[in-house]
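S.K.: model this:
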Amino acid sequence: MRILLDESLPIELRDELPRHDVRSVQEMGWSALKNGELLRRAVDEFDVFLTADQNLQYQQNIKTLPIAVAVLVARSNRIQSLKPLVPSLLSALDSIKPRTLLRIAL
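M.R.: Here you go, the predicted model:
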């Protein structure tokens, strides 16, 4: 699965998703883009947008874009807080569908 890692998440999270092709917003040169434009660009190259932005679902109409969004909900955006969510995330990635938003929390 091709995953775009939002700049709200640490790049070290990529190491926790070894079966997937993970790129960061920074690597793509999209750091300056607002969420709407970021998602529009992502649809051509990615299957999932992975973020910690819990407000994204209220700012964007995910159902209009052929990409899935997974929101990680943890105490902080530090890798230590996010690692416990990885098993649930990996399981969800096996069945996530475009135009859906999935919240992953403990």
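S.K.: which parts of the helix or strand bottoming out on mean pLDDT in the chain are buried?
M.R.: In the chain, no helix or strand scores lower on mean pLDDT, DSSP states H and E than helix 56-59, which sits at a mean of 72. Buried positions in helix 56-59, judged by neighbour count with 16 or more other CB atoms under 10 Å: residue 56. From N, CA and C alone the C-beta is placed, and that goes for glycine too.
S.K.: so what's the residue nearest the centre of the chain up against?
M.R.: Centroid check for the chain by CA atoms, centre = their mean gives residue 50 as the closest residue, at 0.5 Å. Contacts for residue 50 (CB atoms under 8 Å, 6 or more residues apart in numbering) come out as 3-6, 9, 13, 22, 69-70, 72, 89.
S.K.: Check the secondary structure at the residue nearest to residue 92 when sequence neighbours are not counted for me.
M.R.: Nearest non-adjacent residue to residue 92, counting by CB to CB, 6 or more residues apart in numbering: residue 102, 5.5 Å away. The local conformation at residue 102, judged by DSSP: H, G, I helix; E, B strand; the rest coil, is strand.
S.K.: Count the neighbours of residue 102 for me.
M.R.: Neighbours of residue 102 under the rule other CB atoms under 10 Å: 19.
S.K.: Any idea what it is bridged to?
M.R.: Beta-bridge partners recorded for residue 102 (DSSP bridges): residue 70.
S.K.: Show me what the host helix or strand of residue 23 packs onto, helices and strands only.
M.R.: Per DSSP states H and E, residue 23 falls inside strand 21-24. On a contact count with 3 or more CB pairs under 8 Å, 6 or more residues apart in numbering; DSSP states H and E, strand 21-24 meets strand 2-5.
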